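Asker: Need a 3D model of the following:
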Amino acid sequence: MTAPYSPPPWLSANSSAVSSNGSCEMDEEALRLPLAVFYSLFFVFGLVGNLFALWVFLFLHSSRNSVRVLLINCAAADLVLLACLPFRVWYHLAGNRWALGAVACRLVGNLFYMNMYVSILLLGLVGLDRYLRLQGRGRARRCCGPRLRGRRRPWSWAACGAMWGLSLVGLVPMIAGAEDSEDAGRCFQFKKRLGATGKAYFNAALVLFFWLVFVVLVVSYARIALQLLRVSRDKPDLPNAHKYQRTAKKSFFVLFLFAVCFGPYHAFRPVYIHAQISPGVACRTLRLADRTNEVMLLFSAFNSCLDPVMYFLLSGSVRKAAVQALGHRLGGRLPFLTDATSNSSTVEFRRSSVPAALPEPGLTPRTSICALNATLRRADAAPRQPK
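Answerer: Numbers count the residues shown, from 1 in each chain. All right, here's what the predicted structure looks like:
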């Protein structure tokens, strides 16, 4: 005679399954201090890096192109996200108690998520812009940009304006609408959405949006890297051709940033959303989902510290302007800072005997790719010398 079936402990009634009203006390004590420490470090390093990057973009970087506009907006989005971190630090240090009210909680939480996805979109647009320029379609987009004060602006001005406008419009209902399981003394905690499934489905749409941007980045930077590797392999006689293999590897840093910072969070996000909208889920399961989501969210916030590294790694002209500024501020006491900028690609190519040389990888993404296309066309069209 077989024994009667008994459900596993995490699904049984005596395992503190959540009732239909969503009552389940989250055990957040173990993560409270680590979250406060990591968010504090992210705030300090991210604030310094993004303020420095914004200063370089606005006052030192002379290039006026779409990539510069996108990176300026990306640094601004990171700064708004970083402004939300002190509230999280204070919340965790206060024993996970919120004293500013439910509206302030929703404002800080939704601003955090809004600017995270704004950064994702902007990085996707940077990759798409570089890819389109590799295909030689940059001139058509420049002709379609908005005209402000009598001058034609890059297309990214209109894209960023529409992006911020739609983000702020979408933010209003998220702040105004109350949660169905809201506690005035808590914030940033797991919430059941049995009566607010619309927000859960909206979060699911954001997950799909992230993976779409990720696919765009993979295709864009893979094509860019393959083109650079092909140039370094097929045209080794061109100046600086040997450096394009290194530049191709740098292009994959953005993909690495996405995979490390945003990938784990969005891979786990469907499980978290399912736990929010499913009734009768064991409390132990919800606690595990809550703790895992908090850890994955740390990786996403870490992106605000890595973005300035990406700016200076991928854009040689930005790196040159920043290093020169640091060298001047330090009064020449660190000569390696000024030596790092002495290898100017412009000077080198003016002295080169080749009339149409490939640009040094130190140019901006837009300039280097456009020059790469033009040089490749001239090199392919030039008559072959008999051997």
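Asker: Any idea how many residues pack against Phe43?
Answerer: Neighbourhood size, Phe43 [other CB atoms under 10 Å]: 21. Placement of C-beta: from N, CA and C, glycine included.
Asker: Which strand or helix spans it?
Answerer: Using DSSP states H and E, Phe43 sits within helix 29-55.
Asker: For the protein, which residues score under the pLDDT cut-off?
Answerer: Scanning the chain for pLDDT under 70 picks out 1-23, 61-63, 136-154, 178-184, 195-196, 236-243, 245, 314-317, 327-387.
Asker: And the helices in it?
Answerer: For the chain, the helices defined by DSSP state H cover 29-55, 66-93, 102-134, 138-143, 155-176, 197-234, 244-251, 253-257, 263-277, 283-314, 316-329, 335-339, 345-351, 365-381.
Asker: what's the closest of the ones you listed to Phe190?
Answerer: helix 283-314 (4.0 Å; CB to CB).
Asker: which strands and helices sit next to the closest one?
Answerer: If contacts are counted by 3 or more CB pairs under 8 Å, 6 or more residues apart in numbering; DSSP states H and E, helix 283-314 sits against helix 29-55, helix 66-93, helix 102-134, helix 244-251, helix 253-257, helix 263-277, helix 316-329.
Asker: Can you list the buried residues in that helix?
Answerer: 283-287, 289-291, 293-294, 296-298, 300-308, 310-312, 314 (16 or more other CB atoms under 10 Å).
Asker: circling back: of the helices of the chain, which is nearest Gln189?
Answerer: Taking CB to CB, helix 283-314 is the member of those nearest to Gln189, at 7.1 Å.
Asker: circling back: in a markdown table, list the helices and strands packed on helix 283-314 along with distance to Gly198.
Answerer: Below are the helices and strands packed on helix 283-314 laid out as a markdown table (distance: least, CB to CB, whole Å):
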| stretch | distance to Gly198 |
| --- | --- |
| helix 29-55 | 28 |
| helix 66-93 | 23 |
| helix 102-134 | 14 |
| helix 244-251 | 39 |
| helix 253-257 | 31 |
| helix 263-277 | 10 |
| helix 316-329 | 41 |
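Asker: and the residue nearest to Leu226 when sequence neighbours are not counted, how many neighbours does it have?
Answerer: Once flanking residues are discounted, Leu226 sits nearest to Ala248: 7.7 Å by CB to CB, 6 or more residues apart in numbering. Counted with other CB under 10 Å, the neighbours of Ala248 add up to 21.
Asker: residues contacting Ala248?
Answerer: Neighbouring residues of Ala248 by CB atoms under 8 Å, 6 or more residues apart in numbering: 224-226, 228-229, 232.
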